[in-house]
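Visitor: Sequence plus predicted model, see below.
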Amino acid sequence: MKKTLLAIAVVAAGFSANAQLFSEDFTAPQAWSVAQGPTDTDTNNWFFATVNSFASQGTMVISESWQDNGTALGLALTPDNFLFSPVIDLSSVTGTVAVSFKAGSPEAAPSTFFAEYLTVYAYDGILGLATATPIHDEALPSGGTMDTYTYD
């Protein structure tokens, strides 16, 4: 059965440097913000929801890339959606800082609808996006799973 919702879900984001500095499970979302990029031609953006395929994950933040239009293939969207976490003050942190998050798509094979492209940036909250550095930049490797990514 074809899913009518293709979602990229970031279910947890945590930074650590000897202690956890930030964590989000989206049950009571903190001050996250969203924006649409210049190449986004639809009006969809990130939203909070649960997905039956990932019910054990609880509430997630989701971006749709396909929309049901009554055909077998659906309508491909061109999302260029940004999701911003609250600013995390690392000014007093010494040592290694790591970020960990989960991302996935409920759309399983044999379709390729799961092959969503996801980029995660780290940037200075004072200097802004001009300082953004990609720390994760790839297509999801498979559908029907949640993958954990950790970077330091």
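Guide: Good, I have the coordinates. Numbering: from 1, shown residues only.

Visitor: going forward, measure contacts between C-alpha atoms and count neighbours the same way
Guide: Will do.

Visitor: quick one: low-confidence parts of this structure?
Guide: Low-confidence segments of the chain, defined by pLDDT under 70: 1-18, 109-111.

Visitor: Kindly recompute the last result at 80.
Guide: Low-confidence segments of the chain, defined by pLDDT under 80, span residues 1-20, 25-30, 64-68, 71-76, 107-116.

Visitor: what about the strands in it?
Guide: Remark: strands assigned in the chain by DSSP state E are 5-10, 13-16, 20-22, 33-36, 47-49, 60-67, 75-76, 81-84, 98-105, 117-122, 133-139, 145-151.

Visitor: looking at those strands, which is closest to Leu90?
Guide: Among the strands of the chain, strand 20-22 comes nearest to Leu90, with 8.5 Å by C-alpha to C-alpha.

Visitor: Pull up the pairing partners for the closest one, direction included.
Guide: Strand pairing for strand 20-22, using DSSP bridges, gives strand 13-16 (antiparallel).

Visitor: Pick the most buried one from the strands of the chain.
Guide: Among these, ranked by average contacts under mean count of other C-alpha atoms under 10 Å, first place goes to strand 5-10 (a mean of 24).
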